[in-house]
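Here you go, sequence then predicted model.
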Amino acid sequence: QVQLVESGGGLVQAGGSLRLSCAASGRAFSDYDMGWFRQAPGKEREFVAASSRMAISQYYTYYAAFVKGRFIISRDNGKNTILLQMNSLNVEDTAIYYCAARGAGRSNYESWGRGTQVTVSS
């Protein structure tokens with residue numbers, strides 16, 4: 001497993017942007033599928049975006065429908081970091097955002113960070 005620590009959350013006005021970062025420690029970060037999830041108050045945790053390994057140094061990215069082109073997930077394997085650039089934020093994006101890792105061939109995400117709070121004001 002890897003250890004994950006998120007950062008970059010905060011308070012932003014609607015229409016603004018934030019960039020979340022997740023630092024991973026452990027071995028073979030480049031072999032992991034990496035994802036971002038979020039949980040709003042009173043709601044279940046939901047998928048936001050993921051970067052999944054296709055082959056050596058090849059990844060594909062995919063997003064939840066509600067992202068609608070506003071968010072971009074990227075990874076820097078040299079720095080063991082996964083990023084989530086969030087643009088055009090709205091109040092419905094207010095949530096705790098979690099980074100997660102899934103080993104090759106695994107169906108479930110196994111490692112989770114503690115989360116970073118994102119609050120969007122109107």
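Ah, there it is.

Quick check: pLDDT value at the nearest residue in space to G26 that is not next to it in sequence.
Among residues not flanking G26 along the chain, V2 sits closest, at 3.6 Å (C-beta to C-beta, 6 or more residues apart in numbering). No exception for glycine: its C-beta is placed from N, CA and C like everyone else's. We have a pLDDT of 91 for V2.

is it fair to say G69 lies in a helix?
No. Read with DSSP: H, G, I helix; E, B strand; the rest coil, G69 is coil and lies in no helix.

distance of the residue nearest to G26 from Y59?
16 Å (C-beta to C-beta, to the nearest Å).

next one: S88
Distance from S88 to Y59, by C-beta to C-beta: 24 Å.

Of the two, which one has the most company?
Taking other C-beta atoms under 10 Å, S88 and Y59 do not tie; Y59 has more neighbours (17 against 13).

What's opposite the more buried one in the beta bridge?
R53 (DSSP bridges).

which regions of this protein lie under the pLDDT threshold?
In the prediction, the chain carries no residues with pLDDT under 70.

if we go to 80?
Within the chain, the stretches with pLDDT under 80 are 1, 26-27, 104.

Point to the residue nearest the middle of it.
Nearest residue to the geometric centre of the chain (C-alpha atoms, centre = their mean): W36, 2.5 Å.
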